[in-house]
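Enquirer: Model the following, please.
(chains A and B)
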Amino acid sequence: MLDLGVLGLANPWLLMAFVSLPALWWLLRIIPPAPKQIRFPAIRFLLGLQPEEETTARTPLWLLIMRLVLASLVILALAGPVLNPEPELAGKGPLVLVVDDGWAAAPGWARRTDMLQRFADRAQRQNREVVLLGTAADPAKPKLQRLSAADAVRTVASWQPKPWPVDRAAALEQLKREPLNGAELIWLCDGVAGDRPARDAAVRFADQLRQLGPLRIYADPIEQRAVLLLPPDPSREPLVVSARRPSPGGAQSLILRAVGPTGEILARQNLKFEAGAAHADVRIELPIELRNQIARFELEPSAGIGGVVLLDERWRQRLVGLVGEPAAQAAQPLLSELYYVEKALGPHAELRRGTLPELLAAGVPAIVLTDSAQIGPEARTQLASWVEAGGVLLRFAGPRLANADDELVPVKLRRGDRSLGGALSWARPLPLASFDDGGPLAGLAVPKNDVVVQRQVLAQPGPELAGHSWARLADGTPLITGAQRGKGWLVLIHTTANTAWSSLPLSGAFVDILRRVAALAQGAGGTPRGLLAPLEVLDAQGHLVAPGPASEPVPAAELATTIASARHPAGLYGRVGAAPDAARRVLNLASAVPDLQALQPADLPVQAQPFAGASTEINLMPWLLLAALLLALADTVIGLQLRGLLIRPARAAAGLIAVLAILPLLPGDRPAWAADHDEAVLSAITETRLAYVVTGIAEVDSLSQAGLEGLTLILNRRTAVEAGDPIAVDLAVDDLNLFPLLYWPIPSDHPDLRPGVRDRLDAYLRQGGMILFDTGDAATMIPDQSGPGPGERRLRELLTGLNLPPLEPVPEDHPLTRSFYLLQDFPGRWAGGTVWVDHAEAGVNDGVSSVIIGGNGWAGAWATDEYGMAMYPVVPGGERQRELARRFGVNLVMYALTGNYKTDQVHIPALLERLGQ
Amino acid sequence: MATPASSPASLTGLRQHAERLADRLPPLLVAAERVAATVAQGVHGRRRVGVGETFWQFRPYSPGDSTARIDWRQSARTSQLFLRDQEWEAAESVWLWADGSASMAYTSAPSWPTKADRALLLLLALGSLLTRAGERIALLGRRRRPTGGRVGMAALCEDLLSRTTAEPSLAPVQPLPRFARMVLISDFFTPLEQLRDRLRGFVAMGVRGHLLQVLDPAEPELPFAGRVRFEGLEQDGIALIGNVDGVRQRYRGRLAAHRDGLRDLARSFGWTFAGHVCDQPPEPPLLALYTALSTKAQG
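Expert: Take a look at the predicted model:
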């Protein structure tokens, strides 16, 4: 690669092609565009003509320059130009990429991926082998991979950090086994070590790497390196979360979030490292209900797994109700029964005192009941049902219990108490000997000889006693018994809560016992036992995910001392298959990082460089080729233009404008014939057309169509009227003024007129339109029957509100009787119906009637099929009747077209009479 | 494109089209400019008194009229003497010619016919009109006697069918009777001098003629652009025009000058000249011929 600073060329020798440009220049200049061939008869007039402009005979200069630019672009593109090229790799052997992919690398992993990608790309360009080595041991895949550069590019893209610490010593062992001649080594260092030995190992590791070949180390600046969040001490109140940074530096402020089980943020607090301090604390003070919901602490913005601490039951603080007066207010507090309970539970639970009904009403999950507390029978019932519902009742024995019949105990008790080691007794006070394995107290440390019990209440021996015994004295008598009642627990300590009967309240075991018992409260399920499997584990970014195949279960007892690793990743552990609300234990990363140490610049043999951002390298080849392609397209268009093969721009523009202008005219939601209104108007007025009103009833409309077609045929055959095909008219939509005559059949089930139609009809009639209403009533009426038929009644309803002149039967001298044929009656398919016309006044519409109403079903008589044969018989019958019907149609059309022209005929008798004289 | 004269089917179609076209016009009456003894009697009236077989009018006898012309039957009805006038009937021979040369077989767009098709259509329509009016027609250059009626049309079609594609682009010379009429339909792209020489021969025979120039729309417009190599249809040369836009004005000027020359030529012979472009309907030129033929009757 030729490196020119900002610009690099992958194939610089291709620039030699620029030498050919002058030749190209010459070639382009002498080749004019090929002419178009046209055969043309009037060639004679073209011979000898030459245009003034000779330019097109040669390539215009600007076009020539454009083409040369095009060629230059192609040559440049093929030379593989790269903007901001990466520096070359050193050495000839494999490129060794050593990556600290442990937890500490997680926050800046994107920077590392970018770096890896850049190195892998460069290796690919130089076709170098790549050795990938992650220092965090991952049992799922080989630590060291020797790959071709192309495979390395893919592998690098999917590389993820691990949620456990790195093991650089093991990585070094692997690397030493590889043959690495002439290798260049890159170490992407996370810059931290878990403790001093680990730090020393890192320093050794760097030294060894340097011996293998030229080494470059990349690391974040010290102040940007991983921060570790430490789990709070469960025994301290309130919770104090601490964070540790690898190196004391300037003041640094982080935000700590307390997050609930479903991800809700319960608290956000500033976590501030003072200048020069590597440690920072933050107190989390929350109401106990919220505090107990905290499932994890995490840093904001996300700092990977190092910034996440999971909490489990151990960190929950219980609300425990104590029945009785506060011990401090008693006259002799040390003798008070509650004093020791308060002292023992105080750090681990919030205590609430009150009478039993008060505590029950407050919904306390656990209640401690001492011997002196009096319970009424009513409260006892309430207490029993509270236990059934999930409460934990811890009772202490005492003289009262010893002498009472009390059913609210886990095991049956003997009356009276047992005294050990009193003045009158041979027996010596007995020590606490063991905690039963099956009980919730299992695993507690047995205090050595500091717990002695002088008096106790005894349990009635029975088969179930052993199962309910949680702790025993040296002679095997149960000291603590417990039983589950419903969802809750009933626990009895067979001695007093003060030191009157035993020294138990004075021992450390008392604290543990009370905590364990309190932890039973509220469905916590107690302390899990047995083998705990990882249920959910934290990934390196601090998200809970399903555990991988390499993770292994841990015995419950060992979990406290387990160190987070690939085998036991940090996360939630619990009994497999246990209920969802069963107790879980957490394993935090902090267990694996006892002491966070930064690798100081002085520790490393090579100066560590900060991570550069993503590669700014830009391959210019595609862009240059794109530009060349665009130029080539432009050149093609220009070439076509010069040769005249292109549509002239003006025409194209006109066409475009026409298309754009037509677009809004495209048919919308309108009747078919009205879709293109102009077209429809033109077709209606270029020929005389008969029109009928669409009723919406299919058979009526088709009959109208057929009838008018038949009439049109007759008109064309017999008269000077050259009518076109009939048109269907929608009264509500179409322009009625185009039609001299409307045929409107009115069946009795004619639908109602749409709003606005009456106004349109009124205007049409006023402007000289003519409508023939055909009720078809003659079909249904007996001859000479009086009164309106069904169609006529419907017609009256439809035309209510229309401004119509008075009607009269067609008078003898009406122009309708003589406009073409001489007629006196007007049969249609049926004969005999009276035909009515409006009595037109002389001044209105030239005295031409505008409404003709009849019931003879004319369309049926006119209707012909495509062969010109009549479709329906006429009644009573005879071709004469059909002929008369046709003549009526002809007269009607003539009347509509000629108006009062034939009115003059009425004077003929008078004229003839005069002539006769 | 195939020359229409070579295809009988297309010619039949053309003839039908021509008949339809002729239907729309009233029968064309060719006015006889001069009565000559050599002209045979026709069968249609001239709407004035003359030599003919059809009754025209009765008129009272006036001194000087031949007594042989007295219509005794009419005279017997009244007390006056009446003469019977016959209508003046005359027929004319019209020689028709349409250019069938290769340059006519050209159209610049499929939406209108070639010049040759249009010329033939006009020719046939005119023939149909003329025969219907009783005139006698013949195709120029076929040495056939002019005939009228359906026979005349059939003969015209027959002669057209026998034409070949390699027709000369000048009207053929043929001895014609004096005072014959002639209709020439062509694009008249021949040089004016040649045309003048050819027509002068006809004029010398006393022929009155009408020139109809049929052009394709592309010819007056020259609607081309860019670099074009024009090639004639009759091996009459090749013109490589670098930029058609640059020569369009001058080309149009030349064409217009040629047209004017044609018009002047026609006028100098006492002939008429009309132009027609193929994308226009054929009726106007037919009407133009009609007016050209009938106005002469009044003159």
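Enquirer: Give me the local confidence score for residue 120.
Expert: No chain in the question, so chain A it is. With respect to pLDDT, residue A:120 has a value of 84.
Enquirer: Chain B, not that one
Expert: Residue B:120 carries a pLDDT value of 81.
Enquirer: Help me confirm that it comes into contact with residue B:160.
Expert: Yes. If you go by Cβ atoms under 8 Å, residue B:120 and residue B:160 touch, sitting 6.9 Å apart. Bear in mind the C-beta positions are built from the backbone N, C-alpha and C, glycine included.
Enquirer: If you count surrounding residues, which of the two has more?
Expert: Taking other Cβ atoms under 10 Å in any protein chain shown, residue B:120 and residue B:160 do not tie; residue B:120 has more neighbours (29 against 23).
Enquirer: Quick check: the gap between the more buried one and chain A.
Expert: The gap separating residue B:120 from chain A is 16 Å, by Cβ to the nearest Cβ, to the nearest Å.
Enquirer: Wasn't that residue part of a strand?
Expert: No. Secondary structure of residue B:120 (DSSP: H, G, I helix; E, B strand; the rest coil): helix, not part of a strand.
Enquirer: Give me the sheet partners of the helix or strand where residue B:210 lies and which way each runs.
Expert: Assigned by DSSP states H and E, residue B:210 belongs to strand B:208-215. Strands adjacent to strand B:208-215 in the sheet, as given by DSSP bridges, are strand B:181-186 (parallel), strand B:272-277 (parallel).
Enquirer: Please identify the most buried of these.
Expert: For the strands paired with strand B:208-215, average neighbour numbers computed from mean count of other Cβ atoms under 10 Å in any protein chain shown are highest in strand B:181-186, which has a mean of 25.
Enquirer: got the CA coordinates for it in PDB?
Expert: The C-alpha trace of strand B:181-186 is given here as PDB (Å, rounded to 0.1, in the frame of the first residue of the first chain):
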ATOM      1  CA  ARG B 181     -59.900  17.200 -67.800                       C
ATOM      2  CA  MET B 182     -57.000  15.800 -65.800                       C
ATOM      3  CA  VAL B 183     -56.400  15.300 -62.100                       C
ATOM      4  CA  LEU B 184     -52.900  14.600 -60.900                       C
ATOM      5  CA  ILE B 185     -52.200  13.500 -57.400                       C
ATOM      6  CA  SER B 186     -48.600  13.400 -56.200                       C
END
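Enquirer: Can you spell out which helices and strands pack onto the very next helix or strand once past that strand?
Expert: Downstream of strand B:181-186, the next assigned helix or strand under DSSP H and E is helix B:192-204. The contact analysis (3 or more Cβ pairs under 8 Å, 6 or more residues apart in numbering or on different chains; DSSP states H and E) places helix B:192-204 against strand B:208-215, helix B:244-269.
Enquirer: For those, give me JSON lines that also has distance to residue A:85, mean pLDDT and mean neighbour count.
Expert: What follows is those, written out as JSON lines (distance: least, Cβ to Cβ, whole Å; pLDDT from 0 to 100; neighbours: other Cβ atoms under 10 Å in any protein chain shown):
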{"stretch": "strand B:208-215", "distance to residue A:85": "69", "mean pLDDT": "89", "mean neighbour count": "24"}
{"stretch": "helix B:244-269", "distance to residue A:85": "51", "mean pLDDT": "89", "mean neighbour count": "16"}
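Enquirer: which residues make contact with the longest helix along chain A from outside it?
Expert: Longest helix in chain A, counting residues (DSSP state H): helix A:621-643. Helix A:621-643 is contacted from outside by A:33-36, A:56, A:63, A:66-67, A:69-70, A:73-74, A:76-78, A:80-81, A:646, B:226-227, using Cβ atoms under 8 Å, 6 or more residues apart in numbering or on different chains.
Enquirer: Which among these count as buried?
Expert: For these, a burial check counting by 16 or more other Cβ atoms under 10 Å in any protein chain shown picks out A:33, A:35-36, A:56, A:63, A:66-67, A:70, A:73-74, A:76-78, A:80-81, A:646, B:226-227.
Enquirer: In strands, which of these appear?
Expert: Members of those lying in strands (criterion: DSSP state E): A:36, A:81.
Enquirer: quick one: low-confidence parts of chain B?
Expert: Scanning chain B for pLDDT under 70 picks out B:1-9, B:20-54, B:87-91, B:164-166, B:290-299.
Enquirer: mind redoing it with 50?
Expert: Low-confidence segments of chain B (pLDDT under 50): B:1-6, B:24-45, B:296-299.
Enquirer: Give me the most central residue, it.
Expert: By Cα atoms, centre = their mean, chain B has its centre lying nearest to residue B:183, at 3.0 Å.
Enquirer: partner residues bridging that residue?
Expert: Using DSSP bridges, the bridge partners assigned to residue B:183 are residue B:96, residue B:210.
Enquirer: ok, back up a step: immediately after the strand holding residue B:210, which helix or strand?
Expert: Of the helices and strands lying after strand B:208-215 in sequence (DSSP H and E), the nearest is helix B:218-221.
Enquirer: So which elements touch that following helix?
Expert: Contacts defined by 3+ Cβ pairs under 8 Å, 6+ apart place helix B:218-221 against helix B:244-269.
Enquirer: what's the residue sitting nearest the centre point of chain A sitting at in phi/psi?
Expert: Centroid check for chain A by Cα atoms, centre = their mean gives residue A:263 as the closest residue, at 19.2 Å. Main-chain dihedrals, residue A:263, degrees, to the nearest 10: phi 90, psi 0.
Enquirer: ok, it to residue A:705 distance?
Expert: Separation of residue A:263 from residue A:705 (Cβ to Cβ, to the nearest Å): 73 Å.
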